[in-house]
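S.K.: generate a structure from the sequence data that follows.
(chains A and B)
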Amino acid sequence: MRQYFRIILLTLLFTVGITIVTQAETGEDNRIDLIGKVVDHYYLDFKPLTTIELPRLIYDQGSFHFYRSTTSLLNNSDRFTDAAFIDNEKNIVNGKVKPVTYELVRTDGNAPQFDFSLTSHLVFFWFAALLTISIFFPLSAKYRKGTGRNTEPKGAFQNIFETLVLFIRDDIALQNIGPEKYLKFTPYLLTVFFFILFMNFFGLMPWGVSSTADITITAVLAILTFGITQIFASKDHWKHVFWFPGVPVPIKFILMPVELIGLFTKPFALCIRLFANMASGKILIFSLLGIIFIFSDLFGPGIAYGTSWIWVLMTLFVYLIKALVSFIQAYVFTILSALFIGLAVAKHSDEHAH
Amino acid sequence: MELAYLAAGFGAGITTIGAGIGIGMIGKSAMEGSARQPEASGDIRTSMLISAAFIEGVALFGQVVCIILALN
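M.R.: Got it, this is the predicted structure:
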């Protein structure tokens, strides 16, 4: 207790000392755009080193327009312009027009028909896909040659991934889908697990972006699970949806819409859960770091400097939680997919009542 | 417009309370269960995580609504 007290006292002293030294106010508008840090961009952010602008591909009025970067588009195209330049002056740095919002509009102010441009989330989505492929294709080739099947697995690399693969096969697929059909769905579950895991882990790296913090990507993953669930569904599954066995006829009519809605809420929850978990981790980290700047505004920069170590430590804690959460969310997505697939492919015997 | 921020704040708090109660109850029962039957703790952990994920999903629906409220 006394130790904590001493730390707090030290902090306060330190704070007072700095407050006296740095009383200068900058007077600039130093607001942080929190949401702008979370949503995806048309550039890869390597601040303070550099910013890499991604290529733009736009379909408008019957033709495709391709540009190497947003800057090259703004300097070479008289068709499109940055949304900020409609009302304001162009942002010119070193004789070149530089983008401000990166949101493209036609020069008459309307949005283009389709914007197929690469975004940072998509690039990291590809990185994760490449990583998954480059890890598991050599690994499967190894197993085909016999290493790991006839002999023991060799090296830390193969051992790590064999543990995870076996965990998913035995603890997720086998337990939730059942011994007859689990091998058919294990490849999908493995792919989804490692893909989501790598996408989540990219968000923990410096300058990295977790693509799963984008609702489009999680929605695609959820649609895949939904499609597989419905395509491989047994006859009993459809019977349970449209004509629930073992209940009186009026109840069947009540249950039909309920079951139909339930069919769609499952993948919807899957999509929202992954998205919200990953996005909220990011927002939490930026909010904690933002407290330093709020303190700086409220009490002056001295107190902000003095107490900043608290928020940095808490950010470290949240970061570790985020590492845990990225693993748990990949696991939860996989296990729920397995559960839904298992429910759909199971053959019920109609003798027992439900 | 300020009322929307107020509603978002209240909503975020209330969903957090709900999720906290729910996940706390699951954790309590899971701990009791695995204390009584340590050999079943693996199965209990799996089903605990699944039910926690469901509760969390509902809470996150609420949080997403709050974020949308705060943004508009």
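
S.K.: contacts (any at all) between chain A and the lowest-mean-pLDDT helix or strand in chain B?
M.R.: Within chain B, confidence by mean pLDDT, DSSP states H and E is lowest for helix B:41-71 among all helices and strands, at a mean of 83. Yes - using C-beta under 8 Å from any C-beta of the partner chain, helix B:41-71 comes into contact with chain A via B:42, B:46, B:49-50, B:53-54, B:56-57, B:60-61, B:63-64, B:71. Just so you know, the C-beta spots here come from the backbone N, C-alpha and C atoms, and that holds for glycine as well.

S.K.: include distance to B:Ala30 when you put those into a markdown table, please.
M.R.: Compiled in a markdown table, the residues of helix B:41-71 next to chain A are given as follows (distance: C-beta to C-beta, whole Å):
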| residue | distance to B:Ala30 |
| --- | --- |
| B:Gly42 | 11 |
| B:Thr46 | 10 |
| B:Leu49 | 9 |
| B:Ile50 | 11 |
| B:Ala53 | 13 |
| B:Phe54 | 14 |
| B:Glu56 | 15 |
| B:Gly57 | 18 |
| B:Leu60 | 21 |
| B:Phe61 | 24 |
| B:Gln63 | 24 |
| B:Val64 | 27 |
| B:Leu71 | 36 |
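
S.K.: quick check, nearest of those residues to A:Lys98?
M.R.: Nearest to A:Lys98, judged by C-beta to C-beta, of those is B:Leu71 at 26.9 Å.

S.K.: what's the neighbour count on that closest one?
M.R.: 9 (other C-beta atoms under 10 Å in any protein chain shown).

S.K.: what separates it from B:Val64, distance-wise?
M.R.: 11 Å (C-beta to C-beta, to the nearest Å).

S.K.: nearest to chain A: which residue in chain B?
M.R.: Residue nearest to chain A within chain B: B:Leu60 (3.8 Å; C-beta to the nearest C-beta).

S.K.: is the helix with the most length in chain B anywhere near chain A?
M.R.: Assignment by DSSP state H gives helix B:2-36 as the longest helix of chain B. No - Helix B:2-36 is not in contact with chain A by C-beta under 8 Å from any C-beta; minimum separation 10.4 Å.

S.K.: residue of the stretch 251-354 of chain A nearest chain B, please.
M.R.: Closest point on the stretch 251-354 of chain A to chain B, by C-beta to the nearest C-beta, is A:Ala276, at 3.8 Å.

S.K.: hang on, that residue packs against B:Gln63?
M.R.: Yes - with contacts counted by C-beta atoms under 8 Å, A:Ala276 reaches B:Gln63, the gap being 6.2 Å.
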